[in-house]
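Q: Here is my input; please provide its structure:
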Amino acid sequence: MEQLIFLIGALVAILIAIVLFKTNIGISLFLGTLFFGFMTQPIQKVLSIMFLTLVNETTVLLIVVAIEIVFFVNLYSATKLIDEAQSYIVSKVRNLKLLAITIPSFLGLLPIAGGALLSAPFVNMIGNDLELNKSEKIFINVWYRHTLLFACPINDALILTAALASINLSSLIVFLLPSMFVMFVCGYPLLMRKRGQTEVRLVGRRSSGMSLVPFMLAVAVATILAIILNMGLYGIALGTLIGIISLLLIGKPRGTSVLKSFMDKRTLTIALVLYAAMLLKGLITSTNVPASISMLGLMFPPLIFEMLLPFFLGYVLASISGAIALSFATFAAGMVLTVHDVALIYGSAFIGYTVSPFHLCLVFTAEYLKTNITSAYRYMLPAAAVTIASLIALTLV
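A: Here you go, the predicted model:
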């Protein structure tokens with residue numbers, strides 16, 4: 001039980017460092033992990049686990065995939081193909097209500113820093129025609145940026161979840177699809193009852209269907225290799241690599257743009273979060289913490305661990321990868337998890353992150369529309385509750 005106390009202390013320290021002192025989440029998680037390791041085990045053993053984690057196949061693949069995804073997303077922006085893709089979608093999806101959810105959904109699959117600001121002007125323009133108020137525009141832009149991402153095979157948080165829980169990625173995605181559909185449907189009734197213009201007015205911007213090819217290739221190949229052919233992380237890595245190659249061939253970026261896209265500080269942060277998560281899992285499994293957590297699990301309803309705690313971590317950290325890392329490397333380490341349990345933990349953390357007031361998508365959208373963040377909660381919180389309820393229902397089936 002003493003080791004569990006040290007773990008709780010490390011978690012509290014990590015939360016304080018991130019939330020109050022705004023310390024980089026990768027550094028906070030790594031230092032907190034080292035604190036736990038050195039307080040519970042001999043230095044030699046900690047150093048050994050650190051090395052074994054670093055050369056672990058899963059750890060290496062996770063970091064490679066994360067680097068690829070960040071590079072791919074940055075290249076999409078650097079080549080301006082992301083702008084062409086948006087214009088192309090606008091030219092093909094003429095129905096305003098469908099377009100209001102298509103643009104943020106597409107951009108959400110490419111988690112670009114500040115990406116909410118890319119879709120916000122479109123949602124604002126379309127929202128004016130549909131007579132949406134500002135809080136409704138915030139909800140549409142933020143919520144639909146995360147619907148398809150929820151079960152996307154190139155979502156790094158989902159990949160991390162499957163790795164930490166040691167389950168098949170395809171099984172997890174299949175289980176999440178019904179809740180993704182529920183999440184998608186949650187916002188559409190809001191649009192259905194709106195009146196106003198029904199078709200978009202085309203703007204004179206360059207658009208090309210070729211701009212969608214790299215993204216479609218990456219997702220399609222990654223899905224086929226990772227899920228259908230059961231290649232796991234190797235499939236994700238190969239699929240993303242093919243997307244990068246096609247992006248280089250179609251976009252023809254300059255050398256400086258390629259280098260700048262690769263040298264992104266987010267790469268180091270994500271890599272450090274992934275390594276720290278795998279390290280924390282390794283350190284915990286070599287202690288009696290899992291047994292202590294199992295004993296506590298007999299005293300509390302499973303929902304406390306599987307739904308409330310991940311939701312809280314996602315809400316407080318406003319980082320899905322950080323919430324997943326802490327969830328599966330700590331309290332979930334002492335639980336016997338089925339795919340149902342893993343989906344509920346992941347989904348709860350994801351929804352908590354989505355509605356967090358610290359979530360940059362929410363902050364950026366509210367700033368763009370010059371309104372209060374909390375004004376959108378009248379729509380976001382019910383949608384979040386319905387989505388989580390669907391995950392709970394699926395675990396009971």
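Q: I'd like to know how many residues surround Phe175.
A: 22 (other CB atoms under 10 Å). Every C-beta, even on glycine, is put in place using the N, C-alpha and C of the backbone.
Q: just checking, it touches Asp341?
A: No. Contact status for Phe175 versus Asp341: not in contact, 10.4 Å apart, counting by CB atoms under 8 Å.
Q: show me where pLDDT drops low in the stretch 1-150 of the chain?
A: 1, 19, 111-115, 117-118 (pLDDT under 70).
Q: Please enumerate the helices of it.
A: 2-19, 25-40, 43-55, 57-78, 81-92, 96-108, 116-130, 134-144 (DSSP state H, counting those that start in this stretch).
Q: Same check on the stretch 151-300 of the chain?
A: Using DSSP H, counting those that start in this stretch, helices in the stretch 151-300 of the chain cover 156-165, 169-186, 188-192, 213-223, 233-251, 255-262, 265-285, 289-297.
Q: what about Ile173, distance to Ser348?
A: 17 Å (CB to CB, to the nearest Å).
Q: higher neighbour count, those two?
A: A side-by-side neighbour count of Ile173 and Ser348, using other CB under 10 Å, places Ser348 first with 28 against 21.
Q: returning to what we had before: can you check which of the helices of the stretch 1-150 of the chain gets nearest to Ala218?
A: Closest to Ala218 of the helices of the stretch 1-150 of the chain is helix 57-78 (CB to CB; 6.6 Å).
Q: Please put the alpha-carbon coordinates of the closest one into PDB.
A: In PDB, the C-alpha atoms belonging to helix 57-78 read as follows (Å, rounded to 0.1, in the frame of the first residue of the first chain):
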ATOM      1  CA  GLU A  57       9.300  -2.800 -29.800                       C
ATOM      2  CA  THR A  58       5.900  -1.200 -28.900                       C
ATOM      3  CA  THR A  59       7.500   1.900 -27.500                       C
ATOM      4  CA  VAL A  60       9.700   2.400 -30.600                       C
ATOM      5  CA  LEU A  61       6.700   1.900 -32.900                       C
ATOM      6  CA  LEU A  62       4.500   4.300 -30.900                       C
ATOM      7  CA  ILE A  63       7.200   7.000 -31.100                       C
ATOM      8  CA  VAL A  64       7.800   6.400 -34.800                       C
ATOM      9  CA  VAL A  65       4.000   6.700 -35.500                       C
ATOM     10  CA  ALA A  66       3.700   9.800 -33.400                       C
ATOM     11  CA  ILE A  67       6.600  11.500 -35.300                       C
ATOM     12  CA  GLU A  68       5.100  10.500 -38.600                       C
ATOM     13  CA  ILE A  69       1.600  11.900 -37.800                       C
ATOM     14  CA  VAL A  70       3.000  15.200 -36.600                       C
ATOM     15  CA  PHE A  71       5.200  15.500 -39.700                       C
ATOM     16  CA  PHE A  72       2.300  14.500 -42.000                       C
ATOM     17  CA  VAL A  73      -0.100  17.100 -40.400                       C
ATOM     18  CA  ASN A  74       2.500  19.900 -40.600                       C
ATOM     19  CA  LEU A  75       3.300  19.100 -44.200                       C
ATOM     20  CA  TYR A  76      -0.400  19.400 -45.100                       C
ATOM     21  CA  SER A  77      -0.400  22.900 -43.800                       C
ATOM     22  CA  ALA A  78       3.000  23.900 -45.300                       C
END
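Q: angle of it against helix 265-285?
A: 160 degrees (axes from the mean of the first three to the mean of the last three CA atoms, to 10 degrees).
Q: Give me the neighbour count for the residue nearest to Val219 when sequence neighbours are not counted.
A: Nearest residue to Val219 in three dimensions, chain neighbours excluded: Ile154, at 6.2 Å (CB to CB, 6 or more residues apart in numbering). When neighbours are counted by other CB under 10 Å, Ile154 registers 25.
Q: One more: Lys252?
A: Per other CB under 10 Å, the neighbour tally for Lys252 reads 9.
Q: how about it, what does it touch?
A: Thr79 (CB atoms under 8 Å, 6 or more residues apart in numbering).
Q: do you know how far it is from Leu110?
A: As for Lys252, its distance to Leu110 is 19 Å (criterion: CB to CB).
Q: Over to Phe122?
A: Counting by CB to CB - Phe122 and Leu110 are separated by 15 Å.
Q: and what of Leu309?
A: 30 Å.
Q: same thing with Thr240?
A: In terms of CB to CB, Thr240 sits 12 Å off from Leu110.
Q: who touches both of these two?
A: Phe72.
Q: more crowded one of these two?
A: The neighbour comparison of Thr240 against Leu110 (other CB under 10 Å) goes to Thr240, with 25 against 21.
Q: Name the nearest residue to the more buried one, ignoring sequence neighbours.
A: Thr240 sits nearest to Glu68 (CB to CB, 6+ apart), 4.2 Å away.
Q: same check, this time on Ala85
A: With CB to CB, 6+ apart as the criterion, Ala85 has its nearest non-adjacent residue at 4.1 Å, and that residue is Ser211.
Q: In contact with that neighbour, which residues?
A: Neighbours of Ser211 in contact, by CB under 8 Å, 6+ apart: Leu81, Ile82, Glu84, Ala85, Tyr88, Ile250.
Q: now, which of those residues sits nearest Phe364?
A: Ile82 (16.1 Å).
Q: Look up the closest residue to that closest one, ignoring the ones flanking it.
A: Tyr76 (4.7 Å).
Q: correct me, but that neighbour touches Pro214?
A: Yes. The criterion here is CB under 8 Å, and Tyr76 meets it with Pro214 at 7.2 Å.
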